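> Here is my input; please provide its structure:
(one chain, ligands or ions: 1)
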Amino acid sequence: MTDIQTTLALLEKLIAFDTVSRNPNIAIQDFIGHYLDDHDVQWLTIDYVPGEKRNLFATIGPAVDGGLVLSGHTDVVPVDNQPWTKNPFQLEIENDRVFGRGSVDMKGFIACCLALVPYFKSLNLAAPIHFAFSCDEEIGCHGVKPMVNEMSRTLPQPAACIIGEPTLGDVVNAQKGTVTYDTVITGVEAHSSNPKRGVNAISFAARIIEKLDKVAINLQHECYQDQSFEPPYSTLNVGTISGGTVKNIVPSLCTIRWECRPVPSVDYQSVLAEFFDFQDRLDQEIKALDGAASVQTKKINEVVGLSASQFNLAETLALQAANKNATKTVSFASEAGIFQRQGLDTVICGPGSIDQAHKPDEFIELSELEAYLSFLKKITLLWQGHHPEWPVVI
Ligand SMILES: [Zn+2]
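Got it, this is the predicted structure:
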């Protein structure tokens, strides 16, 4: 079989596992493990939720420091309430497009990595290629954290990392982070015929939202901008609000979920200090009305961004392998910053377009998979420094 035939055969199997993030991912990791066993590749799993969710870390070549990690997540987003015209968990090829949930985000990437195992093995690698296949990326990039911790403790310490999220093969060296908060307003219930007997949580929520919108404008006009991003400033968005029960009860609870996407190198905590000062004042004000009332904000999740750095080996090699002369930036979230904080030179570079990710009838162009297979081969050769036309890099 050719590499692309092997890739498609593997992708068909990978798509058939319903690995929506709410489901366990043991079965798909077992499948990958058996495939690696068949090719005599060392691998191990690192649990995120024992018995339910796990990461898989594999090493091709010697188990030494200085390897290159190929990183992808095995979970996918749900298909509920999406108008699919095809079975999301059955690969289908039509007009040179490969359809299926996860085809582009990001089982296509994982299939490419696996299909090239025999190729990687044939190179007699001096520095290892690793696979780091995670879980629970789509619901906040939590799952990968135990694997990254393990990498710093007992596993060989790799030098660089390629995150295979869809970038159409472009080399992405910077990415905004995402910080998610809940602001919870606790008021006091009362009959609406005499609202003064209660404390209206929704009314206080309105003032919170007004302030968040003002901070968002400040971010746009007063704070540091990075023109490589679209938009070039840190953003803030109020996503959901919930509160109240019926119209004739003064509501005692209102929750606002909002997020900030800071450009890398911006200290978002200082940027948000203005909001938290306001929130503290509002908390005092509501407590003055009733001691049981409060306005509080808690951080729900944080995904660190990827910062461009002056020397990034992954960037240098990926640009050569992809035959590109400029890097790009993206605003969607990924695990890239987590690997970078671990000391790995990291870029995002994967097959297919993010425009098709998370959508009904998700697909990846066959040509994207083919191009990516050749990218992976080139970067591996560069990594080893064995290609006669390219300088030795190790
Ligand atoms: Zn993804």
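
> Quickly find the element holding Leu369.
Assessed by DSSP states H and E, Leu369 sits inside helix 366-384.

> That helix: which residues count as buried?
Residues of helix 366-384 classed as buried by neighbour count (16 or more other C-beta atoms under 10 Å): 366, 368-373, 375-384. Any C-beta I mention is one placed from the backbone N, CA and C, and that applies to glycine too.

> if I look at the residue of the chain found nearest the ion, how far off is Ala333?
Closest approach between the chain and the ion, counting by C-beta to the ion: Asp105, at 4.1 Å. Here Asp105 is placed at a distance of 12 Å from Ala333 (C-beta to C-beta, to the nearest Å).

> didn't Thr180 look like it was pressed against Lys298?
No - between Thr180 and Lys298 there is no contact under C-beta atoms under 8 Å: 9.9 Å.

> between the two, who's got more neighbours?
Between Thr180 and Lys298, counted using other C-beta atoms under 10 Å, Thr180 has the larger neighbour count: 17 against 9.

> Surely that one is in a helix?
No - counting by DSSP: H, G, I helix; E, B strand; the rest coil, Thr180 is not found in a helix; it is strand.

> Report the contact partners of it.
Contact analysis of Thr180 by C-beta atoms under 8 Å, 6 or more residues apart in numbering lists 140, 257-259, 299-302.

> Would you show me how to pick out the buried ones of the residues you listed in ChimeraX?
In ChimeraX, this line selects whichever of those come out buried by 16+ other C-beta under 10 Å:
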select :257,258,259,302
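
> what two of the contacts of Thr180 are the furthest from one another?
Across those, the longest distance by C-beta to C-beta is 15.2 Å; it joins Gly140 and Trp258.

> C-terminal to the helix or strand bottoming out on mean pLDDT in the chain, which secondary structure element comes first?
The weakest-scoring helix or strand in the chain, judged by mean pLDDT, DSSP states H and E, is helix 268-271 (a mean of 80). Sequence-wise, the next helix or strand downstream of helix 268-271 (DSSP H and E) is helix 273-289.

> Mind giving me the packing neighbours of that following helix?
helix 201-221, strand 294-303 (3 or more C-beta pairs under 8 Å, 6 or more residues apart in numbering; DSSP states H and E).

> May I have the secondary structure class of the residue nearest the centre of the chain?
What sits nearest the mean C-alpha location of the chain, by C-alpha atoms, centre = their mean, is Ser334, with 2.3 Å. Under the three-state scheme (three-state DSSP), Ser334 adopts coil.

> Name the nearest residue to it, sequence neighbours excluded.
Glu165 (4.9 Å; C-beta to C-beta, 6 or more residues apart in numbering).

> okay, now Ala336: neighbour count?
29.

> Residue numbers of the protein in contact with the ion?
105-106, 165 (C-beta under 5 Å from the ion).

> now, among the residues you listed, which is nearest to Val199?
Checking the residues of the chain next to the ion one by one against Val199 (C-beta to C-beta), the nearest turns out to be Asp105, at 44.4 Å.

> Would you agree that closest one is in contact with Ile354?
Yes - the pair Asp105 / Ile354 is scored as a contact, 7.5 Å apart, by C-beta under 8 Å.
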